[in-house]
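Enquirer: build me a model:
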Amino acid sequence: MKTFNQLLSRVKTIFGLKATSATATTPNAEPPTDHSVVSAPRISAAFAAIEKYLAENYGTPTAKLNYQDYANGASLFSKDITFAPSLVILTDSDGLYNLPDNVMMLVSVTSTKDEDWLIEELCKFLVFLKELGMTHRIQHFAIAFSKDKPDHPATVKTADVTCIRLY
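Expert: Model (predicted):
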C-alpha cells in the first residue's frame, strides 16, 4: 500500500517526465488562473464547467484557481477558503496506481467550514463530477480513501486509490 503523499509525488513525476508545462511561467510567477491555458479542448471545457460550479455554489473567484497544462493532462488547484478542491485530469496515466487512461482524480478538498457542511458539499460535488465526466468524455474517476487518520488529512500515511468507471 502506497502513501497518499507518494501518489501526489507520482502524479507530479508523471507530469514532469512526460512534458514540460505547456504554459511557460517564470519561477516566481503565479500559476495561470484561467482555464484557457489548458490545451486539450475537452479538458478545458471540463475545467470551465468546474469553475462555473465553484463560482455559483461557493462564490469562488477565478483568481483563486490555478491551472497547469501538461502533455498528458491538466490540473486545477483552488485556494478558496470556503471549498477548495484539487483535481487532475489525465489523458495518459502511464500506469499510475494501475489507473486507466482518461481519468479524473480528486486529489483533495479543504474548507474552513465544519465537517458536516464539508461532507454534504463533497457529496454534491462528487455527483457533479460524475455528471461532468460523462458530459466531457472522461471515462474514469479516481479518489483516495485514507484508513489511518481520516479526521486529520495532514498526517495521512496510507490511502487506497479507488477508480470508478463512469460510463
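
Enquirer: okay, strands next: where are they in the chain?
Expert: Per DSSP state E, the chain carries strands over the ranges 65-70, 73-78, 84-90, 103-110, 140-146, 159-165.

Enquirer: in a markdown table, list the ones you listed along with distance to residue 58 and mean neighbour count.
Expert: Bear in mind the C-beta positions are built from the backbone N, C-alpha and C, glycine included. A markdown table is the format used below for the strands of the chain (distance: least, CB to CB, whole Å; neighbours: other CB atoms under 10 Å):
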| stretch | distance to residue 58 | mean neighbour count |
| --- | --- | --- |
| strand 65-70 | 11 | 21 |
| strand 73-78 | 9 | 23 |
| strand 84-90 | 9 | 22 |
| strand 103-110 | 11 | 20 |
| strand 140-146 | 20 | 18 |
| strand 159-165 | 24 | 15 |
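
Enquirer: now those as a markdown table including mean pLDDT and distance to residue 37?
Expert: Shown next, in a markdown table, are these (pLDDT from 0 to 100; distance: least, CB to CB, whole Å):
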| stretch | mean pLDDT | distance to residue 37 |
| --- | --- | --- |
| strand 65-70 | 92 | 5 |
| strand 73-78 | 93 | 8 |
| strand 84-90 | 92 | 14 |
| strand 103-110 | 88 | 18 |
| strand 140-146 | 78 | 23 |
| strand 159-165 | 76 | 27 |
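
Enquirer: distance to residue 125 for these - can I get that in a markdown table?
Expert: Putting the strands of the chain into a markdown table (distance: least, CB to CB, whole Å) gives the following:
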| stretch | distance to residue 125 |
| --- | --- |
| strand 65-70 | 15 |
| strand 73-78 | 11 |
| strand 84-90 | 7 |
| strand 103-110 | 7 |
| strand 140-146 | 11 |
| strand 159-165 | 15 |
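
Enquirer: what comes up buried for the longest helix seen in the chain?
Expert: Counting residues, the longest helix found in the chain (DSSP state H) is helix 115-135. Across helix 115-135, burial judged by 16 or more other CB atoms under 10 Å covers 118, 121, 125, 129, 130, 132, 133.
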